[in-house]
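>>> fold the stuff below for me.
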Amino acid sequence: MKSLQERFKIKSYETDENAKLKPQSLMLLMQESANQHADALGFGYDQLLEKGIIWVLSRAHVVFERIPDWREEVVLETWHKGSDKLFGLRDYNLTGLTGEGIAKGTTSWLIIGTENRRLQRIEQHLGNDHPSVHMVHAIEEPAPKLAPPQEIEFVKSREVEYSDIDMNHHTNNSRYMEWALDCINKFVPERSFIKEFAVNFNSESRLGERLDHYACKTSSGAFFEARRGETSVVQIEFIFSGAV
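Sure, this is the predicted structure:
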């Protein structure tokens, strides 16, 4: 089973005010399809948990051809692309029912201990010689390492609340995207959309922690960062269609 394909119908609660799929909704779909495929390949959540380890998403890069609409039926395909140093690589293609491209993405995952939260070398568990490796690129380059622009400014502070936490006992990746969009929405040009985004999850955040949110407009889009004190928790770079 080199790849997993799932067919989805875009639901109303997955869309924004324009009845278009929200980035955080796509991230949830990607997360779930990754879980299901890893389970089928023998290195999913339950299998790793028995060893005292779990997958955590570290980086993502997604590029849109267009944004799918409410009620539209789409096909999301995902596959495991081997490893690069500490990262396990997984790619995605989102298409329409006739196969036309809608979006493509690449993600980088880490394996950490459930108790000590320390990084594990992925080769100990899943090397590039694993039979599941499907060396096809949706995006050839791994998701990039980001750096905030100098002009980034403080926007607000927010406490991590119960609804933010997932079964790994930390803030779910999609929640960071929601926070980011709340901060950068004012920078999105009229009649434009988010054409591309890249995310770095740099540190876990947990219930009750207070995070400072920073954001700024850039020449091609916008940038968001959440920090816990001096520690960067997450960074997200957005590129807008038609940005100047």
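
>>> need the pLDDT of residue 125.
Here the pLDDT value assigned to residue 125 is 65.

>>> next one: residue 155
pLDDT, read off for residue 155, is 97.

>>> contact partners for it?
By CB atoms under 8 Å, 6 or more residues apart in numbering, the contact list for residue 155 reads 183, 213-215. All C-beta atoms are positioned from the backbone trio N, CA, C, and that covers glycine.

>>> buried among those residues? Make that a ChimeraX selection.
Remark: buried members of the contacts of residue 155, expressed as a ChimeraX selection using 16 or more other CB atoms under 10 Å:
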select :183,213,214,215
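
>>> which one of the contacts of residue 155 sits closest to residue 47?
Nearest to residue 47 among the contacts of residue 155: residue 213, at 36.0 Å, using CB to CB.

>>> quick one: end-to-end distance for stretch 89-109.
Length of stretch 89-109, first residue to last, CA to CA, to the nearest Å: 6 Å.

>>> circling back: and the contacts of residue 155, which two are the farthest apart?
183 and 214, at 8.0 Å, using CB to CB across the contacts of residue 155.

>>> mind listing the shared neighbours of the two?
155, 224.

>>> so where's the longest helix in this protein?
helix 23-41 (DSSP state H).

>>> helices of this protein, start to end?
Under DSSP H, the chain gives helices at 23-41, 45-49, 173-184.

>>> just send the ones you listed back as JSON lines, with mean pLDDT and distance to residue 57 too.
Shown next, in JSON lines, are the helices of the chain (pLDDT from 0 to 100; distance: least, CB to CB, whole Å):
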{"stretch": "helix 23-41", "mean pLDDT": "94", "distance to residue 57": "7"}
{"stretch": "helix 45-49", "mean pLDDT": "84", "distance to residue 57": "13"}
{"stretch": "helix 173-184", "mean pLDDT": "96", "distance to residue 57": "5"}
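
>>> got those as a markdown table, with distance to residue 82 columns?
Formatted as a markdown table, the helices of the chain follow (distance: least, CB to CB, whole Å):
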| stretch | distance to residue 82 |
| --- | --- |
| helix 23-41 | 12 |
| helix 45-49 | 17 |
| helix 173-184 | 22 |
